[in-house]
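Visitor: okay, predicted coordinates and the sequence, questions at the end:
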Amino acid sequence: MSERAAPFYCPYCGDEDLFPHEQGHGAWECRACSRAFQLKFLGLLAPGASSNPAGGEEI
């Protein structure tokens, strides 16, 4: 897939007035709250992987 995935809303204010930011790949700006942020894909989790690195139960 070569298309850029776009966020649907600003993670800070929830507005949908987003545009690509000049910082580069994955950078977006929200014109509603004047914030710039960057999204990054970290990878796929292995099946059965826990998000708790200590191995304890999540509450």
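Guide: Yep, it's here. Numbering: from 1, shown residues only.

Visitor: for the rest of this, base every contact and every neighbour count on C-alpha atoms.
Guide: OK.

Visitor: so how many other residues sit close to Asp17?
Guide: Other residues near Asp17 number 13, with proximity taken as other C-alpha atoms under 10 Å.

Visitor: and it, how far from Gly26?
Guide: Taking C-alpha to C-alpha, to the nearest Å as the criterion, Asp17 is separated from Gly26 by 16 Å.

Visitor: equivalent analysis for Ala49, please.
Guide: Taking C-alpha to C-alpha as the criterion, Ala49 is separated from Gly26 by 26 Å.

Visitor: more crowded one of these two?
Guide: When neighbours are counted by other C-alpha under 10 Å, Gly26 comes out ahead of the other of Ala49 and Gly26, with 17 against 8.

Visitor: do I have it right that the more buried one meets Phe19?
Guide: No. Taking C-alpha atoms under 8 Å as the definition, Gly26 is not a contact partner of Phe19, at 10.7 Å.

Visitor: quick one: low-confidence parts of the chain?
Guide: Along the chain, the parts satisfying pLDDT under 70 run over 1-4, 50-59.

Visitor: which residues does the residue nearest in space to the middle of it contact?
Guide: With the centre of the chain defined as its mean C-alpha position, the nearest residue by C-alpha atoms, centre = their mean is Leu39, 4.0 Å away. For Leu39, the residues meeting the contact criterion (C-alpha atoms under 8 Å, 6 or more residues apart in numbering) are Gly26, Ala27, Trp28.

Visitor: could I get those in CSV, plus columns for secondary structure and distance to Phe8?
Guide: Conversion of these to CSV gives the following (DSSP: H, G, I helix; E, B strand; the rest coil; distance: C-alpha to C-alpha, whole Å):
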residue, secondary structure, distance to Phe8
Gly26, coil, 13
Ala27, strand, 14
Trp28, strand, 11
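
Visitor: would you list those in a markdown table and tack on distance to Leu44?
Guide: Output for these, formatted as a markdown table (distance: C-alpha to C-alpha, whole Å):
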| residue | distance to Leu44 |
| --- | --- |
| Gly26 | 18 |
| Ala27 | 21 |
| Trp28 | 23 |
